[in-house]
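**Q** Predicted model and sequence follow; I will ask about them next.
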Amino acid sequence: MCGNCKEQIDKLVIGKIDNYENKTDKFFNKHGYIFKYEGQIRKLLIDYKFNDKPYLYKTFASIILSNEKIINFINNYEIIIPVPIHKKRLNSRGYNQSELLVREISRKSKNIKFINNLLIKTKNNVAQSTLSKEDRVLNVKNIYKVQNNDLIKGKSIILLDDIYTTGNTVNECSRILKENGAREIGIFTISKD
């Protein structure tokens, strides 16, 4: 990314943390994100996720890692994991956009551990972005599974995804993690709609 483009994107950084501790319908406690899902950020995320531009993870990781508020939020957790994608989608896309970021963040952060394939997606469901708000809840129900719950018992986990729209995906993943013994769940997304 050229210096001018990077400068423009840096101006869009908001670095916000929302608290969900008193929400009975949420299985996660906090949500950190770096951008609003609009304009240039929306275009970059669509390119990153759907237009075969996995290298954009370096730009997003650099911005995330340089934001002290966000990195302090992430470092409050013991384990970082990506929202998984199904094997079929991984094979067709060639990469999990969330996993690329998790690998980079955990590599550059001393305090947090990345455990690969801890959470898996068991069903290749319809993409959430194609569904109505009401259908999104049912679309993600019971499609995630923890591989080894001994690794998460009593642990604080931060779950990373690219975009937060309704929060149904991260909420369902958080529910599964909690049911398998995780003590606390936080989420981090690149952007929030």
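**A** All right, it came through fine.
**Q** Please name every helix or strand in contact with the helix or strand bottoming out on mean pLDDT in the chain.
**A** With mean pLDDT, DSSP states H and E as the measure, the helix or strand of the chain carrying the lowest mean pLDDT is helix 133-140 (a mean of 72). Helix 133-140 makes packing contacts with helix 168-179 when contacts are defined by 3 or more Cβ pairs under 8 Å, 6 or more residues apart in numbering; DSSP states H and E. Yep, even glycine has a C-beta here, placed from its N, CA and C like the rest.
**Q** Can you tell me the element the most centrally placed residue in the chain falls in?
**A** The geometric centre of the chain, computed from its C-alpha atoms, lies nearest to Asp161 (Cα atoms, centre = their mean), at 1.7 Å. Secondary structure from DSSP states H and E places Asp161 in strand 156-164.
**Q** just Lys43 next, same as before
**A** Under the assignment here (DSSP H and E), Lys43 is part of helix 39-50.
**Q** hang on, the earlier thing: looking at the strand holding Asp161 now, give me its mean pLDDT.
**A** Averaged across strand 156-164, pLDDT comes to 96.
**Q** in its sheet, what does that strand sit against?
**A** According to DSSP bridges, strand 156-164 forms sheet pairs with strand 79-82 (parallel), strand 184-192 (parallel).
**Q** which residues sit against the first one?
**A** Contacts to strand 79-82, defined as Cβ atoms under 8 Å, 6 or more residues apart in numbering, come from residues 74, 96, 98-99, 101-102, 105-106, 109, 112-115, 118-119, 151-152, 155-161.
**Q** Can you flag the buried ones in the residues you listed?
**A** When those are checked for burial by 16 or more other Cβ atoms under 10 Å, the buried set is 74, 96, 98-99, 101-102, 105-106, 112, 114-115, 118-119, 151-152, 155-161.
**Q** who's in contact with Ile115?
**A** So Ile115 contacts Ile79, Ile81, Leu151 (Cβ under 8 Å, 6+ apart).
**Q** and the closest residue to the first one other than its chain neighbours, bridged to which residues?
**A** Okay, so that is Ile79. Leaving aside its sequence neighbours, Ile79 sits nearest to Ile157 (Cβ to Cβ, 6 or more residues apart in numbering; 4.7 Å). Beta-bridge partners recorded for Ile157 (DSSP bridges): Ile79, Ile185.
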